[in-house]
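Visitor: how does the following fold in three dimensions:
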Amino acid sequence: MQRLKLNKNVLILHLTVLIWGFTGVLGELISLSAAHLVWYRVLIAVLSLFVYFIIKGDSIHVTREKLIQFVFVGGVVGLHWVLFFYSIKVSTVSVTLVTLSSITLFTSILEPLINKKRISLADVLVGVVIIFGIYLIFKFEIQYILGIIFGLSAALCASLFSILNARMVKHTRATIITFYEMFGAFFWISLFMAITGEFNEGLWLQGVDWAYLLLLGIGCTAVAYVLAVAVMKELSAFTVALTTNMEPVYGIVLALLIFGRKETMSLGFYGGAVIVLAAVFLYPYVKTRLEGGKSELPQRKLH
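Guide: Residues are numbered from 1 along each chain as shown. Purely as a prediction, here's the structure:
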């Protein structure tokens, strides 16, 4: 019975990671600009999570100090998503997802600085390998340089809010943090759009954009997150680390199946992608072997 429950949770986690991988595909399918797309996404996510709290009967009360923290971190989350979807718009899903895998690299640099910890040898080794893989992608896909730069910038933001979330989740439930961060992202993006006048143009939805946005905001954000939190309580950090590393793989395969030749890249790109993904995939093993401890549970990138 215990084995059956474990397999069920692993299957649910893989399904959740597959849903996260589909986020990039939806970003390409939706005709809105990156800012408008994220505005709708966080609005739908906030409303969905609010309904979830009502159904569960949970309180969403937090102190003013925590609220301010969550809202400001939400700004980083919103910026991450805008950069992520803009990268997709100016390049391809595959380019964006591979460059986003550099989160491990940025975290290896930022975490010791922010938390005043010693630099990990495993982090340095994996980071060097990732840099080499990204260099190959730059070299062979120079026409997508803007997408690569924005993808790396999105990864930098994701690394920053993941480190901050790792601190805050010790004192507040993850679902509460996510709710207020989504609200914070909505607030800052709305403020940006009001200042730049983007509320006056490009906000109206066309065709099937409504369906795609509902799938993105409810399915890929609120529902997927709740599922992930549930199974992560039952699975080891090591299992979760390995499984979540499948996200770019699932995303690239889905993009190839849906968009076909548009997502076909050069051999140099796939060589660099294999190096980056292999480094990220093997990271839990390297961390365990070199430091003799368990891999820490990765914070979700909220794609």
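Visitor: need the per-residue pLDDT for the nearest residue to E181 once chain neighbours are set aside.
Guide: Of all residues not flanking E181 in the chain, G74 sits nearest, at 3.9 Å (CB to CB, 6 or more residues apart in numbering). C-beta coordinates here come from the backbone N, C-alpha and C atoms, glycine included. Per-residue confidence at G74 stands at 92 (pLDDT).
Visitor: quick check: G74 vs H171, distance?
Guide: In this structure, G74 and H171 are separated by 17 Å, where distance is defined by CB to CB, to the nearest Å.
Visitor: also V25?
Guide: Between V25 and H171 the distance is 36 Å, computed by CB to CB.
Visitor: the two: who's more crowded?
Guide: More crowded of V25 and H171, by other CB atoms under 10 Å: V25, with 24 against 8.
Visitor: re the thing from before, quick one: what helix or strand has the residue nearest to E181 in it?
Guide: Under the criterion DSSP states H and E, the helix or strand holding G74 is helix 64-90.
Visitor: okay, buried residues for that helix please.
Guide: 66, 69-71, 73-90 (16 or more other CB atoms under 10 Å).
Visitor: ok, Q69 touching M168?
Guide: Yes: under the criterion of CB atoms under 8 Å, Q69 is in contact with M168, at a separation of 6.7 Å.
Visitor: name the element I114 belongs to?
Guide: Assigning secondary structure by DSSP H and E places I114 in helix 103-115.
Visitor: what's the neighbour count on S91?
Guide: Counted by other CB under 10 Å, the residues lying close to S91 total 21.
Visitor: identify the residue nearest it in space, chain neighbours excluded?
Guide: G147 (2.3 Å).
Visitor: surely that neighbour touches V98?
Guide: No: because the distance of 10.5 Å does not satisfy CB under 8 Å, G147 is recorded as not touching V98.
Visitor: so between these two, which is more surrounded?
Guide: Between G147 and V98, counted using other CB under 10 Å, V98 has the larger neighbour count: 30 against 22.
Visitor: now the angle from the one helix or strand the more buried one maps to to helix 64-90?
Guide: When secondary structure is defined by DSSP H and E, V98 falls within helix 93-100. Our comparison of helix 93-100 with helix 64-90, counting by axes from the mean of the first three to the mean of the last three CA atoms, to 10 degrees, yields an angle of 140 degrees.
Visitor: can you list contacts of helix 93-100?
Guide: Contacts of helix 93-100 with the rest of the structure, by CB atoms under 8 Å, 6 or more residues apart in numbering, involve 21, 24-25, 27-28, 84, 87-88, 134, 137, 141, 144, 147-148, 150-152, 154-155, 158, 247-248, 251-252, 255-256, 259, 263, 265, 269, 272-273, 276-277, 301, 303.
Visitor: extract the C-alpha trace of that helix and format it as PDB.
Guide: Coordinates of the C-alpha atoms in helix 93-100 are reproduced here as PDB (Å, rounded to 0.1, in the frame of the first residue of the first chain):
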ATOM      1  CA  VAL A  93      10.300  28.100 -26.300                       C
ATOM      2  CA  SER A  94      13.300  25.900 -26.500                       C
ATOM      3  CA  VAL A  95      15.800  28.700 -26.200                       C
ATOM      4  CA  THR A  96      14.000  30.300 -23.200                       C
ATOM      5  CA  LEU A  97      13.600  27.000 -21.300                       C
ATOM      6  CA  VAL A  98      17.200  26.000 -21.700                       C
ATOM      7  CA  THR A  99      18.600  29.500 -20.600                       C
ATOM      8  CA  LEU A 100      16.100  29.400 -17.700                       C
END
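Visitor: going forward, begin numbering at 17 instead of 1
Guide: Yep, numbering from 17; the last one is helix 109-116 now.
Visitor: might you list the low-confidence residue ranges for this structure?
Guide: Residues of the chain that meet the criterion pLDDT under 70 lie in 17-22, 218-219, 245, 248-249, 252-258, 306-319.
Visitor: what about the helices in it?
Guide: Per DSSP state H, the chain has helices spanning 18-45, 50-72, 80-106, 109-116, 119-131, 137-156, 161-184, 190-212, 225-230, 240-248, 253-260, 263-275, 283-307. These are given in chain order.
Visitor: state the distance from L63 to R57.
Guide: Distance of L63 to R57, computed by CB to CB: 11 Å.
Visitor: distance of the residue nearest to L176 when sequence neighbours are not counted from R183?
Guide: Excluding the flanking residues, the one nearest L176 by CB to CB, 6+ apart is V92, at 5.7 Å. Computed as CB to CB, the V92 to R183 distance reads 13 Å.
Visitor: thinking again about what came up before, residues contacting the helix holding I130, please?
Guide: For helix 119-131, the external contacting residues (CB under 8 Å, 6+ apart) are 133-136, 139-140, 142-143, 146-147, 171-172, 174-176, 178-180, 183, 295-296, 299, 317.
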